[in-house]
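> I'd like to go over a predicted model; first the sequence, then the structure.
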Amino acid sequence: MALKGTTCVERTRIALANAEQHRDRNAFVELFAEEALQRAQVLDKKKSEGGSLGALFGVIVSIKDVIAYQGHSLTACSKILDGFRSVYSATVVERLLEADAIIIGRTNCDEFAMGSDNRTSIYGPVKNAIGNNKIPGGSSGGAAVSVQVGACDVAVASDTGGSVRQPAGLCGVVGFKPTYGTISRHGLIAYGSSFDQIGLLGYDLSQLEMVFEVIKGRDDHDATLIDTPDHTPFATDEPPRIGLMQNALEHKSLDPHIKESIQKLTGDLQSNGASVETFAFEFLDYVIPTYYVLASAEASSNLSRYDGVRYGYRAEEAESLDDMYRKTRTVGFGDEVKRRILLGTFVLSYGYYDQYFGKAQQVRRLIRDELQVQLDRYDYLILPMSPSVAWGIDEVKSPVELYLADIYSVLANLAGLPAMSLPLWTNKSGMPYGLQILGAPFQEKKLLFHAREIMSSHEKR
Amino acid sequence: MKVDEALILNLEKLARLSLEADERVRLSADLEEILQMVAKLEELNLEGVEPLRHMSPVKHQVRQDKEEAHLTIEEALQNAPKYDKPFFTVPKVIKR
């Protein structure tokens, strides 16, 4: 539901009441209730006194529990960061506050953002606000549900292999991951550094675009950022040229209803004048192996800093320094995190490096180059967001089964591309599923323009 | 790829983990299943393909080498499980 209300205080009260009313969904690990209300009062006062208002004046935002906010707890939903308080704010948080946004709370997620259904959090699973006992997707499940229940306008989260877009699709909200290197990762807890990107969830495309404009751009604390040339609004009367990834639609894991919906949509787009061509992406079955080798390798390196020395949890009664490291990490990390650390350690270890890590880096180049060829041909690419709708919270799935569900989402991260999940459909039981669109690097404005076009033409039908 | 006990024990050592026996059995089986899935990469002919190591299209933008405000000692120790200002303390490393 979209947030109503006129003054900042009124809107903040409504957002907090919505969050409280849906507490059983477990979307938030902490609400900054008092602080948010105080800030809302200050903002209302500023407005009534005719002060100059920031670009995000009164926009209510939730932040995923992997984004640092000075003076506030930050745990990546892991025991190993038990009791940690941020000593500085992430660049995105600083920019949100400078632009007069209101931060309402920290959202639940998979431990260290590793997961596809938000069941690995130390705070327990998040429940989708739609359906009975369904997962919200992950890792940003709490972020998606914070939007669903009207506890914020926009949720700020992170997307390493689909963690913004996949839950957005399964919860019926918009998910937006910009190009790698667009938004500063300073103050974002690192998982896979060549994949990690801040992304946004919400209902209103214009609002998402406004937040994007505020938080993007050069930052001295993230060397991967480049100045995006793409500042001016994008508009065109030309009918779009769309590339449909045909073998993604034919994939054995895809729910036939999702395939039908996408086919119907592309038919509608064609009758509106768009040109839709199909293409086959020959590396589709290699994206999951490539992603899990590389992301786990980077994770095993990034998570080596959690050793119990400088912050977070430390195991008591260690006999030596090494014993302290080992006990701390064994107790502090959950199963999925350990699995990825072990996999990453393996693929980087002596004798296996070339066979796994080196090879995956080569395949990554093939994947990126092939997608670039298609993006030179088309304005954007269409593919499913997820192979299925949200599954049951108690449904047992093996790690590999869960990894395979990321087949459509990791592409954008492997190639560093901007991508969106658009909430177009629900199945017979009312469970949402999304359409995924992929654009050329640093062409966010163009992608948002086409997203708007797709959503408005879909609503008219 | 078989994940036997020698392999998992070596990975634990490298990753500074000490799994419980039942956890070791479970995670070894998971790892074996994952490596089986990953083995698909063997199918591709990758001769002459340069590994993709950096995602940015441009050279990394480093900031100017000038002094800036950093964390104070108090801030740096604020999250430490154990400290003796201005040091972090850990179990004894040098044995007598």
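Received it, and whenever you're ready, just let me know what you need. Numbering: from 1, shown residues only, chains lettered A, B, ... in the order given.
> The nearest residue to A:A129 once chain neighbours are set aside: neighbouring residues, count only.
Using Cβ to Cβ, 6 or more residues apart in numbering or on different chains and skipping residues adjacent in sequence, the residue nearest A:A129 is A:Q148, 4.0 Å away. In short, each C-beta sits where N, CA and C put it, glycine included. Neighbours of A:Q148 under the rule other Cβ atoms under 10 Å in any protein chain shown: 26.
> which element is B:K95 on?
Under DSSP states H and E, no helix or strand contains B:K95.
> List the contacts of A:P233.
Listed by Cβ atoms under 8 Å, 6 or more residues apart in numbering or on different chains, the contact partners of A:P233 are A:K445, A:F449.
> State the phi and psi torsions of it.
With angles defined as degrees, to the nearest 10, A:P233 sits at phi -60, psi 150.
> Next, name the residue at the spatial heart of chain B.
Centroid check for chain B by Cα atoms, centre = their mean gives B:A15 as the closest residue, at 6.6 Å.
> B:R24 versus that residue, what's the distance?
Between B:A15 and B:R24 the distance is 13 Å, computed by Cβ to Cβ, to the nearest Å.
> And for B:V90?
26 Å.
> Over to A:C152?
A:C152 sits at a distance of 42 Å from B:R24 (criterion: Cβ to Cβ).
> sec struct for the residue in chain A sticking out farthest from the centre, please.
Computed with Cα atoms, centre = their mean, the residue of chain A farthest from its C-alpha average is A:E319, at 40.8 Å. Under DSSP: H, G, I helix; E, B strand; the rest coil, A:E319 falls in the coil class.
> Could you check the pLDDT of the closest residue to it other than its chain neighbours?
Spatially, and ignoring its direct neighbours in sequence, A:E319 is nearest to B:P91 (7.1 Å; Cβ to Cβ, 6+ apart). B:P91 carries a pLDDT score of 92 in this model.
> Look at B:P91 and say how many residues are nearby.
Look at B:P91: counted by other Cβ under 10 Å, it has 15 neighbours.
> Just say helix, strand or coil for it.
coil.
> where does the chain dip in pLDDT?
You didn't say which chain, so I picked chain A. For chain A, residues meeting the criterion pLDDT under 70 lie at A:1-2, A:228-231.
> Oops, wrong one, chain B.
Scanning chain B for pLDDT under 70 picks out B:96.
> Would you map the helices across it?
B:5-15, B:21-38, B:73-77 (DSSP state H).
> Flag every buried residue along the last one.
For helix B:73-77, burial by neighbour count (16 or more other Cβ atoms under 10 Å in any protein chain shown) applies to B:A76, B:L77.
> what does stretch B:40-55 give?
B:L41, B:L44, B:L46, B:V49, B:L52, B:M55.
> now do stretch A:270-279
Within stretch A:270-279, the residues that qualify as buried by neighbour count (16+ other Cβ under 10 Å) are A:A274, A:V276, A:F279.
> what's the burial count for A:D44?
Using other Cβ under 10 Å, A:D44 has 19 neighbouring residues.
> element containing it?
Under the criterion of DSSP H and E, A:D44 resides in helix A:33-48.
> and if you look at A:G175?
According to DSSP H and E, A:G175 maps onto strand A:174-177.
> That strand pairs with which strands?
Applying DSSP bridges to the sheet, strand A:174-177 is found paired with strand A:198-202 (antiparallel), strand A:419-426 (antiparallel).
> Just name the most buried of those strands.
Most buried of the strands paired with strand A:174-177, by mean neighbour count (mean count of other Cβ atoms under 10 Å in any protein chain shown): strand A:198-202, with a mean of 29.
> any idea how far that one is from the chain center?
6 Å (Cα atoms, centre = their mean, to the nearest Å).
> contact partners of it?
By Cβ under 8 Å, 6+ apart, the residues outside strand A:198-202 that reach it are A:67, A:92, A:140, A:143-144, A:147, A:153-159, A:163-165, A:167-168, A:173-178, A:183-185, A:188, A:208, A:211-212, A:215.
> out of the residues you listed, which are inside helices?
Of these, the ones assigned to helices by DSSP H are A:V92, A:A143, A:A144, A:V147, A:R165, A:P167, A:A168, A:L208, A:V211, A:F212, A:I215.
> for the stretch 251-400 of chain A, what spans make up the helices?
Secondary structure of the stretch 251-400 of chain A (DSSP state H, counting those that start in this stretch): helices at A:256-271, A:287-302, A:321-332, A:335-348, A:359-377, A:399-404.
> Pull out the buried positions in the fifth one.
Along helix A:359-377, these residues count as buried under the neighbour rule (16+ other Cβ under 10 Å): A:359-368, A:371, A:374-375.
> now do the second one
Going by neighbour count (16+ other Cβ under 10 Å), the buried part of helix A:287-302 is A:287-302.
> can you check the last one too?
Of the residues in helix A:399-404, those with enough neighbours to count as buried (16+ other Cβ under 10 Å) are A:P399, A:L402, A:Y403.
> Looking at the residues you listed, which is nearest chain B?
Closest approach between these and chain B, by Cβ to the nearest Cβ: A:P399, at 5.2 Å.
> And for the closest one, nearest residue in space, chain neighbours not counted?
B:D30 (5.2 Å).
> Tabulate the buried residues of helix A:359-377 (TSV), appending distance to chain B.
Listed next are these as TSV, based on distance: Cβ to the nearest Cβ, whole Å:
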residue	distance to chain B
A:K359	5
A:A360	6
A:Q361	3
A:Q362	4
A:V363	6
A:R364	4
A:R365	4
A:L366	6
A:I367	9
A:R368	6
A:L371	12
A:Q374	17
A:L375	14
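> now, among the residues you listed, which is nearest to A:K259?
Set against A:K259, the nearest of the buried residues of helix A:359-377 by Cβ to Cβ is A:Q374 (19.5 Å).
> Give me the distance between the spatially most central residue of chain A and A:W425.
Taking Cα atoms, centre = their mean, the centroid of chain A lies closest to A:V164, which sits 1.9 Å from it. A:V164 sits 19 Å away from A:W425, going by Cβ to Cβ.
> so B:L41 makes contact with A:T290?
Yes. B:L41 lies in contact with A:T290 (Cβ atoms under 8 Å); the separation is 6.8 Å.
> Show me whatever sits in contact with both of those two.
Common neighbours of B:L41 and A:T290 (Cβ under 8 Å, 6+ apart) are A:A360, A:V363.
> Please name the residues that touch residue 90.
You didn't pick a chain, so chain A it is. Counting by Cβ under 8 Å, 6+ apart, A:A90 touches A:I67, A:A68, A:Y69, A:S184, A:H186, A:G187, A:L188.
> The chain in question should be chain B.
Contacts for B:V90 (Cβ under 8 Å, 6+ apart) come out as A:V309, A:L321, A:M324, B:K82.
> Please repeat the previous calculation with a cut-off of 7 Å.
The contact partners of B:V90, taken as Cβ atoms under 7 Å, 6 or more residues apart in numbering or on different chains, are A:V309, A:L321, A:M324.
> Could I get those residues in a markdown table, plus columns for distance to chain B and neighbour count?
Formatted as a markdown table, the contacts of B:V90 follow (distance: Cβ to the nearest Cβ, whole Å; neighbours: other Cβ atoms under 10 Å in any protein chain shown):
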| residue | distance to chain B | neighbour count |
| --- | --- | --- |
| A:V309 | 5 | 19 |
| A:L321 | 5 | 15 |
| A:M324 | 5 | 22 |
